[in-house]
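[1] with the sequence up front, the predicted model follows.
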Amino acid sequence: MRPTLNDKERAELSELVPSWRLAEDGKSIHRSFRFRDFSHAWGFMSRVALLAETHGHHPDWSNMDNQVAIVLTTHDVDGLTDKDVTLALAIDGLLS
């Protein structure tokens, strides 16, 4: 089982993954994405799904029209781990 991020590591998240926001309870990070249309949003979700499979870590997410909201947390430890940060960075990499 992976350890959750400590207070210092959570404080450094804004530097590591600046586009992602830490939840008030400190147990997850989240980000919203807006695309030109539904098709582009769905294509992004498909790429994230394939990426998540390779990482063995899956997001909680929702989609409405051209918007996608993603929440990352490690459910088996009920908090944030390095797996969440790694996947957030990989997801951001899809946009460059």
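    Arrived safely, thanks for sending. Numbering: from 1, shown residues only.
[2] which one's the longest helix in this structure?
    helix 38-55 (DSSP state H).
[3] packing partners of it?
    Packing partners of helix 38-55 (3 or more C-beta pairs under 8 Å, 6 or more residues apart in numbering; DSSP states H and E): strand 60-64, strand 67-72, helix 82-94. Quick note: C-beta positions are derived from backbone N, CA and C, even for glycine.
[4] tell me which of those sits nearest to Glu15.
    Ranking the helices and strands packed on helix 38-55 by proximity to Glu15 (C-beta to C-beta) places helix 82-94 first, at 11.0 Å.
[5] what's the angle from the closest one to helix 38-55?
    Between helix 82-94 and helix 38-55, the angle comes out at 140 degrees (axes from the mean of the first three to the mean of the last three C-alpha atoms, to 10 degrees).
[6] next one: helix 82-94 to chain centre, how far?
    Mean C-alpha position of helix 82-94 versus that of the full chain (C-alpha atoms, centre = their mean, to the nearest Å) differs by 6 Å.
[7] which parts of that helix are buried?
    Of the residues in helix 82-94, those buried under the neighbour-count criterion (16 or more other C-beta atoms under 10 Å) are Lys83, Asp84, Val85, Leu87, Ala88, Ile91.
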